[in-house]
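Trainee: Curious how this folds, go ahead:
(chains A, B and C)
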Amino acid sequence: MIDIILLTLLVVVAIAIIRMKDLFAVVMLLGIYGLLSASFFVAMDAVDVAFTEAAVGAGISTLLMLVVIAMTGRKEKTNRHKPLPALCIVLITGGLLIYGTFDMPHFGAADAPIHQHVAPRYINDSMAEVGVPNIVTSVLASYRAFDTFGEVVVIFTAGIGVLTLLSVARRKEDAEKISSINDSMHEQHLVIRIVAKMLIPFIFLFALYVQFHGDFGPGGGFQAGVIFAAAIILYAMLFGLNTARKVINQTFIQLIAAVGVLLYGSVGIVSLMNDGNFFNYNVLASDPIAGQHLGILLIEWGVGCTVASVMMIIFFSFAGRLELHQHNERVKNQESS
Amino acid sequence: MLMDLFNHWVVITLMMSGLYIVIAHGNLIKKIVGLSVFQTSVFIFYISMAKVDGGTAPILADDIVQYSNPLPHVLILTAIVVGIATTALGLSLVVRIKEAYGSIEEESIQQQDNQQQDNNAHAKRKQEEEA
Amino acid sequence: MIAHLPILQVIIPLMAAPICLMLKRAQLVWLFSLIASGLAFAISILLLQQVMTSGVISYELGGWQAPWGIEYRIDKLNAFLLLIVSGISTVVLFAAQTSIEKEIPKNKHVYFYILYLLSLTGMLGIVATGDAFNVFVFLEISSLSAYALIAMGKNRQALWASYQYLIMGTIGATFILIGIGLIYQMTGTLNMYDLSQRLPEVAQTRTVFAAFAFVIVGVCLKLAMFPLHLWLPNAYAYAPSIVTAFFAATATKVAVYLLIRFTFSVFGLSFSFTTVPLQTLFMALGLIGIFAASTSAIYQRNVKHLFAYSSIAQIGYMIVGFSLSTVTGLTATLLHLFNHALMKGAIFLALAAVIYRVGNIELNNLRGLGRQMPLTMAAIVIGGLSLIGVPLTVGFVSKWYLLMALIEQGWWPVAVLILLGSMLAVVYVWRIVEAAYFKAPLDNSSPVKEAPMSFLIPIWTLIIANIYFGIDTRLSVQVAEAAAQSLFGVSL
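Mentor: Below you'll find the model as predicted:
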């Protein structure tokens, strides 16, 4: 029942996104869309996915879009030029998918092929083979560790891509001028700053908990990385980019992003050296289960490092660009007045 | 029968509204929002096929007999990460496009490009005539 | 270590990428990337040898048996592709240092090499893997790095081209994801070999039909097959020259590989070509693609644009060979994959050299270059002759096989059309020859020198390969034929 309500809400939000012209509202709705789908994932028993979607769909991507809107303006032009061809394409694609549903296994059916063929081994044997209660973690970090490695590389790629596009080489005096304006802006929110200062250590603690607890409950390197980055981002938003930049050296986080990928990969290389296949954790220790535990621990750290640092890289790149925009505009205004 | 497929159909509607935004809208940020909706809906589709009636979250515990399928969860965890990576890269392109063209509307950008091409062609023809 | 070659093939460029970030000095990074890419090339040669003598290699990642774990499965087809991709990558990378000097700001050189390696990793990963979902992950690695690389182009149009590619590419990848989800739902497995075993049972369902359509459309978007090619010309034309040379020679090849892999191995020959009318559809689209794109190529002023359209036309030839669904047809397609990589690699590298010296790549800028840059322009001309399909070049070999395949099936009219399509190539290649050799240089242009050795060596390596494999066809034909036969024999 709850899933039908959630799906209906999702449809309402989707329609609202289509119709809204105010990009700020659209982005907020997108955040709601992410949060609703996260709730839907909980109803579908996918707690790990829900956790991630809430952090990413409702958190990080909304934040990034808001920063971008601050630079580009929040109004969408009213003329929609080609609704008809778009409608045709959408109707054909959707029609094809609906046509496909007629032979699909029914929703929730336990005898569907996906529940019969590969999955039972994960459910029945993962405890004996990997020794981790959270099946999602054992599939993600061991059975399909290579996919997850690919995922880390995707994130690393995005980080480098954003850096190439947005990093600005600025002169020193400019940077100082920008920062002096910036710091004065943040002195007003005294209460929030104090509360945040108290909160941030707990967020770090929570990130660590999520990092280590991924074996037993929902969580793991990716979620922990996002939470860790969120704490830093919060700090940066309240205390100014430059203060944050002083705390966290930019070259250093790039290094950590690379180290994360390398750490993950070297687990595989060490297993090669020990005559196992790539990512075969069994050979990492004398006892296969201990090896699996060690392997999973290490790669989760690799994921956590890369994700946290890339999220920070992305945020700092966007925010740095925004700062530059605001600075330029201020200069322009001063000149004109 | 219809009720069993209802969930799938709603999810398809969601996917298609995302795809519609991507194709029909000219605003570059809106397009990326559309992509996000499209991808998130595909995630919903994957996750709903993992559900088993009466199952619980795939975290092993003693008194549970029926678990939902963990594999689609793993796949979608990966896909979510891919999604945010694409969004971040797309948005940074939007920022740069705004700086270079002064607009984030498809029409206006296309117009500027065409104009530039025409100007180039014009200059070239002049050059050729002189030569 | 020999047993681990399949994974080393992908993991070496992958691990090299983050290490580059630590090396910092651009020159060092270039050397390091070149070594990594060269190693990958060496491994691909070993793998191809191994596959040709002893058959399919299966490598289980994590030691988990497929279909529970991810499997790398190297057969003749993907060993051939691995060789093409890593080989071209290495040759192109050789010229990279000189070329990006003038096209990309200094502080971004290190990022450039990292993204280049990641893109290479993505493509090698797509080709090597035997797992359908793993294809998606590596597809995204190669695509994301491609978007960033294209956006590094000098003009602002590069940004817009990259954005459009990002939108189209992501729609394509999401379509593939939907398709994979549907077949997974019907079979319960993601392993390609396992899928090929289990799909026939459910082949008659509407769900599998929809899955097939989504995978094919998604792959064709990546492939830039007519009429889904709109993103390609600008992306190729405005990307940094080295990036264009690398992608034009490899990226679409990987997409063609995916098309072949999914239709022949995963869904199976009988499903793809009997249940679904793929043959007529692809034959028609391939032919229209050849003519539409070749005609557009004739009217381009920007030489990079011209050859980008020519690439779309060449994809048309591959699609026609593929659509025949015969051993000879597929051999022609595979041969053309290899040959086209050699031609376009050489041509775009030569264009990179022209840009390095002249700074611009409009047809007018080529005036008089036949004298000023004789070796570079000669390379473009030989590459162009190869595109047309003149005897003694590789282009002739693949066209020959394509014509044989068509005649074998009694498709005479199509064979005539293919020949007519080649005539269009004569026209656009002639326009370049005319500008370079028969027109006086513009008054206001200053004379330029021949390209530096760092360009000439890789360009002429590829040109010599163009001629060598056009005369001594044993190696390429043998491998292509064996790969095609293996696809028609037992599935996978």
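Trainee: going forward, measure contacts and count neighbours with C-alpha atoms only.
Mentor: Noted.
Trainee: give me the beta-bridge partners of residue A:22?
Mentor: Residue A:22 forms beta bridges with residue A:75, as assigned by DSSP bridges.
Trainee: so which helix or strand takes in residue A:154?
Mentor: Here residue A:154, judged by DSSP states H and E, is contained in helix A:145-166.
Trainee: Around chain C, which positions in chain B sit nearby?
Mentor: Neighbours of chain C within chain B, by C-alpha under 8 Å from any C-alpha of the partner chain: B:22, B:32, B:35, B:39, B:42, B:46, B:49, B:75, B:78-79, B:82, B:86, B:89-90, B:93-94, B:96-97, B:100-101, B:113, B:124, B:128, B:131.
Trainee: could you redo the last one with a cut-off of 7 Å?
Mentor: Counting by C-alpha under 7 Å from any C-alpha of the partner chain, the positions of chain B adjacent to chain C are B:39, B:42, B:46, B:86, B:90, B:93, B:97, B:100, B:131.
Trainee: which residues does the fifth one contact?
Mentor: For residue B:90, the contacting residues are C:163, C:166, taking C-alpha atoms under 7 Å, 6 or more residues apart in numbering or on different chains as the criterion.
Trainee: which of the residues of chain B next to chain C are buried?
Mentor: Neighbour counting with 16 or more other C-alpha atoms under 10 Å in any protein chain shown marks B:39, B:42, B:46, B:86, B:90, B:93, B:97, B:100 as buried within those.
Trainee: Which pair in the residues you listed has the greatest spatial separation?
Mentor: Of all pairs drawn from these, the greatest distance, 39.0 Å, lies between B:46 and B:100 (C-alpha to C-alpha).
Trainee: Only alpha carbons, please: show the helix or strand harbouring residue C:286 as CSV.
Mentor: Here residue C:286 sits within helix C:278-298, counting by DSSP H and E. Extracted in CSV, the C-alpha atoms of helix C:278-298 (Å, rounded to 0.1, in the frame of the first residue of the first chain):
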residue,chain,number,x,y,z
LEU,C,278,17.3,-6.4,-38.1
GLN,C,279,18.7,-7.2,-41.5
THR,C,280,16.6,-5.0,-43.7
LEU,C,281,16.5,-2.2,-41.1
PHE,C,282,20.3,-2.1,-40.7
MET,C,283,21.0,-2.5,-44.3
ALA,C,284,18.8,0.4,-45.2
LEU,C,285,20.1,2.6,-42.4
GLY,C,286,23.7,1.7,-43.2
LEU,C,287,23.2,2.7,-46.9
ILE,C,288,21.3,5.9,-46.1
GLY,C,289,24.1,6.7,-43.6
ILE,C,290,26.8,6.3,-46.2
PHE,C,291,25.1,8.6,-48.7
ALA,C,292,23.8,11.2,-46.3
ALA,C,293,27.1,11.5,-44.4
SER,C,294,29.3,11.4,-47.5
THR,C,295,27.2,14.2,-49.1
SER,C,296,27.5,16.3,-45.9
ALA,C,297,31.2,15.7,-45.9
ILE,C,298,31.5,17.2,-49.3
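Trainee: per-residue confidence for the residue nearest the centre of chain B?
Mentor: Relative to the mean C-alpha position of chain B, the nearest C-alpha, by C-alpha atoms, centre = their mean, is the one of residue B:35, at 1.8 Å. According to the prediction, residue B:35 has pLDDT 95.
Trainee: Please report the distance of it from residue C:148.
Mentor: The span separating residue B:35 from residue C:148 equals 18 Å under the rule C-alpha to C-alpha, to the nearest Å.
Trainee: Ok, residue C:27 next?
Mentor: Distance, residue C:27 to residue C:148, using C-alpha to C-alpha: 21 Å.
Trainee: who has more neighbours, those two?
Mentor: Under the neighbour definition other C-alpha atoms under 10 Å in any protein chain shown, residue C:27 and residue C:148 were set side by side, and residue C:148 has more, 32 against 13.
Trainee: Which strands and helices lie in contact with the helix or strand encompassing that one?
Mentor: Secondary structure from DSSP H and E places residue C:148 in helix C:132-151. For helix C:132-151, the packing partners by 3 or more C-alpha pairs under 7 Å, 6 or more residues apart in numbering or on different chains; DSSP states H and E come out as helix A:145-166, helix C:109-128, helix C:157-187.
Trainee: between that helix and helix A:145-166, how big is the angle?
Mentor: Interaxial angle of helix C:132-151 relative to helix A:145-166 (axes from the mean of the first three to the mean of the last three C-alpha atoms, to 10 degrees): 10 degrees.
Trainee: List every C-alpha atom in helix C:132-151, with coordinates, as CSV.
Mentor: Coordinates of the C-alpha atoms in helix C:132-151 are reproduced here as CSV (Å, rounded to 0.1, in the frame of the first residue of the first chain):
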residue,chain,number,x,y,z
ALA,C,132,26.6,-7.2,-19.1
PHE,C,133,26.5,-4.8,-16.1
ASN,C,134,30.2,-4.4,-16.0
VAL,C,135,29.9,-3.2,-19.6
PHE,C,136,27.7,-0.4,-18.3
VAL,C,137,30.2,0.6,-15.6
PHE,C,138,33.2,0.8,-18.0
LEU,C,139,31.1,2.5,-20.6
GLU,C,140,30.5,5.3,-18.2
ILE,C,141,34.2,5.5,-17.3
SER,C,142,35.1,5.9,-21.0
SER,C,143,32.2,8.3,-21.6
LEU,C,144,32.8,10.6,-18.7
SER,C,145,36.4,11.0,-19.5
ALA,C,146,35.4,11.5,-23.1
TYR,C,147,33.1,14.4,-22.2
ALA,C,148,35.9,16.1,-20.2
LEU,C,149,38.5,15.5,-22.9
ILE,C,150,36.2,17.0,-25.6
ALA,C,151,35.4,20.0,-23.5
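Trainee: can you list contacts of it?
Mentor: So helix C:132-151 is contacted by A:147, A:150-151, A:153-154, A:157-158, A:161, B:86, C:112, C:115, C:118-120, C:122-123, C:125-126, C:129, C:158-159, C:162, C:166, C:173, C:177, C:180, C:190-192, C:235, C:239-240, C:243 (C-alpha under 7 Å, 6+ apart).
Trainee: Give me the buried subset of the residues you listed.
Mentor: Neighbour-count burial within these applies to A:147, A:150-151, A:153-154, A:157-158, A:161, B:86, C:112, C:115, C:118-120, C:122-123, C:125-126, C:129, C:158-159, C:162, C:166, C:173, C:177, C:180, C:190-192, C:235, C:239-240, C:243; the criterion is 16+ other C-alpha under 10 Å.
Trainee: Work out for me the element the closest residue to residue A:159 other than its chain neighbours sits within.
Mentor: The shortest distance from residue A:159 to any residue other than its chain neighbours is 5.2 Å, reached at residue A:310 (C-alpha to C-alpha, 6 or more residues apart in numbering or on different chains). With secondary structure defined by DSSP H and E, residue A:310 is part of helix A:288-336.
Trainee: any idea of the angle that helix forms with helix A:145-166?
Mentor: Orientation check (the same axes, to 10 degrees): helix A:288-336 against helix A:145-166 gives 10 degrees.
Trainee: Give me the residues contacting the helix-or-strand element of chain C with minimal mean pLDDT.
Mentor: Sorting the helices and strands of chain C by mean pLDDT, DSSP states H and E puts helix C:269-270 at the bottom, at a mean of 83. Residues outside helix C:269-270 that contact it (C-alpha under 7 Å, 6+ apart): residue C:263.
Trainee: Residues of the stretch 151-300 of chain A that sit close to chain B?
Mentor: Going by C-alpha under 7 Å from any C-alpha, the residues of the stretch 151-300 of chain A near chain B are A:151, A:154, A:155, A:158, A:161, A:162, A:165, A:166, A:217.
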